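J.: pasting the sequence and the predicted coordinates here, then a few questions.
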Amino acid sequence: MKAIWNGIVIAESDDTVVIENNHYFPANSIKKEYFKNSESHTTCPWKGLASYYTITVDCEENKDAAWYYPEVSELARTIKGRIAFWKGVQIEK
């Protein structure tokens, strides 16, 4: 699977986990040069506290377009160390 934004592959892996229609990519599959830590956080009742990355490609910024759970609940252990995408990031085979 590939995560693509602004015409650039920002993550690629054959090992994604799908939860709630979101592909969670292994953290080591992202191209780190496009990712910057965000101060944003949200809480999921069953997964835990989410942290975000802002993605920048060719000087265009997509704020909080990737998220991950630094500490996951026991119910969400399959996504520990994984990152998912939204806000226009395309997921393709």
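T.: Looks like it arrived, so ask away. Only a predicted model underlies this, so the values are computations on that prediction, with no experimental measurement involved.

J.: isn't Gly48 up against Tyr69?
T.: Yes - Gly48 is in contact with Tyr69 according to CB atoms under 8 Å; the separation is 5.1 Å. From N, CA and C alone the C-beta is placed, and that goes for glycine too.

J.: who touches both of these two?
T.: Ala76 (CB atoms under 8 Å, 6 or more residues apart in numbering).

J.: the strand or helix carrying Thr56: what's the following helix or strand?
T.: Secondary structure from DSSP states H and E places Thr56 in strand 48-57. Following strand 48-57 in sequence order, the next helix or strand is strand 60-68 (DSSP H and E).

J.: can you tell me what sits against that next one?
T.: In contact with strand 60-68 (CB under 8 Å, 6+ apart) are residues 5-6, 27, 30, 35, 38, 40, 42, 50-56, 81-89.

J.: what's the following helix or strand after that strand?
T.: strand 82-85.

J.: tell me what that next one is packed against?
T.: strand 22-26, strand 60-68 (3 or more CB pairs under 8 Å, 6 or more residues apart in numbering; DSSP states H and E).

J.: turn those strands into TSV, including mean neighbour count.
T.: Below are these laid out as TSV (neighbours: other CB atoms under 10 Å):
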stretch	mean neighbour count
strand 22-26	20
strand 60-68	18
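
J.: coming back round to it: Gly48 and Tyr69: which has the busier surroundings?
T.: Neighbour totals were compared for Gly48 and Tyr69, and Tyr69 leads with 20 against 17 (other CB atoms under 10 Å).

J.: about what we covered before: buried stuff in the strand holding Thr56?
T.: If you call a residue buried by 16 or more other CB atoms under 10 Å, then strand 48-57 has these buried ones: Gly48, Ala50, Ser51, Tyr52, Tyr53, Thr54, Ile55, Thr56, Val57.
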